[in-house]
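S.K.: Return atomic coordinates for the entry below.
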Amino acid sequence: MAAPRVRPRDRRPSLAGIGTFIISRYPYIFAFVLLMLFAERAEQQRSEGYARGYIYSNIAALFVLGTLIIFDWQKHTAYLLCAVQVAIHAFYTHTSPYLHFGEWLTIRIVTRNFAVIGGYLMLASRELENIPRRFKKPLLFTTGRYVYGFFLLCYSYTLFRSKEDNRAFHKLVPLGNLFSFVMVALTAVGAGSFFSGIRLRTAARVLLVVLIVTTLYFEGNINYWWRQRFVEYWMHILILSESIVAIAVLMLLCYH
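M.R.: Numbers count the residues shown, from 1 in each chain. Below you'll find the model as predicted:
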């Protein structure tokens, strides 16, 4: 007897499951990477860049939120608080007088922050769940779409305008000269889809493939960013982890 054919919808739980697993564990990952980043700066006898009280409270908050999400207790409130937590950390990072990043690195950090914030806002809305409409919060989902769309727009713009990102893309990504134009076009069109809400599922599927390829070759080359561009090792790991969260969000949107 021939084996039954697997329909596309049968793959939905596995894809959504991977995305959910990544996002639900991200507060723990975020806390761990921040601790390693602070340890790296302390080893180099540099300032952590944050007040000690903020460091301890931030790590504790991330641990609590991650626990709430994993044990499914007030999970959607925790998603919303995660978005707020990432936004506070991003604001603190870019206003701290003790931290000084180059313009190109600052933009890379900020754009990934937008991806994580937008993803958590969309999850907090419960629009991706099969529940009665009265329990959903469409305003949160729309806000999350706009924030994630802004991430895509910034991603497209920096790849087009930033000499550092453009040079690295051409060097690290196969057929980088050609693929950079394709990447700029697809992310710009994808941003338009997120802003308008039109063909969101199709945009998510296309962007999922594109971001996996670029993250693997572009941001996945840790030695290049660490040894040649002199980005702090754990800072780059933080940027890479946020890019992975951006991919996980698209996994959840692929069948929305």
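S.K.: what's in contact with whichever strand or helix holds C82?
M.R.: Following DSSP states H and E, one finds C82 within helix 75-95. Helix 75-95 has contacts (CB atoms under 8 Å, 6 or more residues apart in numbering) with 26-27, 30, 49-50, 54, 58, 61-62, 65, 68-69, 99, 106, 109-110, 113, 116-117, 120-121, 123-124, 126, 140, 144. Where you see a C-beta, it was placed from the backbone N, CA and C, and this is true even at glycine.
S.K.: so what pLDDT did P13 get?
M.R.: We have a pLDDT of 56 for P13.
S.K.: With H256 instead?
M.R.: Confidence score, pLDDT, at H256: 69.
S.K.: Next step: the contacts of helix 75-95 restricted to helices.
M.R.: 26-27, 30, 54, 58, 61-62, 65, 68-69, 106, 109-110, 113, 116-117, 120-121, 123-124, 140, 144 (DSSP state H).
S.K.: Buried by neighbour count, from these: which ones?
M.R.: Buried by 16 or more other CB atoms under 10 Å: 26-27, 30, 58, 61-62, 65, 68-69, 109-110, 113, 116-117, 120-121, 123-124, 140, 144, out of these.
S.K.: number of nearby residues for V245?
M.R.: Neighbour count of V245, defined by other CB atoms under 10 Å: 22.
S.K.: so what's it up against?
M.R.: 22-23, 26, 115-116, 119.
S.K.: Next one: it from A42, what distance?
M.R.: Distance of V245 to A42, given as CB to CB, to the nearest Å: 26 Å.
S.K.: again with N113
M.R.: 24 Å.
S.K.: Ok, L68 next?
M.R.: 30 Å.
S.K.: now I198
M.R.: Distance from I198 to A42, by CB to CB: 49 Å.
S.K.: what does R199 give?
M.R.: With CB to CB as the criterion, R199 and A42 are 48 Å apart.
S.K.: so where's the stretch 151-256 of the chain shaky on pLDDT?
M.R.: 256 (pLDDT under 70).
S.K.: thinking again about what came up before, got the CA positions of the helix holding C82 in CSV?
M.R.: Backbone C-alpha positions of helix 75-95 (Å, rounded to 0.1, in the frame of the first residue of the first chain) are rendered in CSV as follows:
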residue,chain,number,x,y,z
LYS,A,75,1.7,34.1,28.6
HIS,A,76,0.3,36.8,26.4
THR,A,77,0.8,39.4,29.0
ALA,A,78,4.4,38.2,29.3
TYR,A,79,4.7,38.5,25.5
LEU,A,80,3.6,42.2,25.7
LEU,A,81,6.0,42.8,28.6
CYS,A,82,8.8,41.2,26.6
ALA,A,83,8.2,43.8,23.9
VAL,A,84,8.3,46.5,26.5
GLN,A,85,11.5,45.1,28.1
VAL,A,86,13.3,44.9,24.7
ALA,A,87,12.2,48.5,23.9
ILE,A,88,13.5,49.8,27.3
HIS,A,89,16.8,48.0,26.8
ALA,A,90,17.1,49.3,23.3
PHE,A,91,16.5,52.9,24.5
TYR,A,92,18.9,52.5,27.4
THR,A,93,21.6,51.1,25.1
HIS,A,94,21.4,53.9,22.6
THR,A,95,21.2,56.7,25.2
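S.K.: This completes my enquiry, with thanks.
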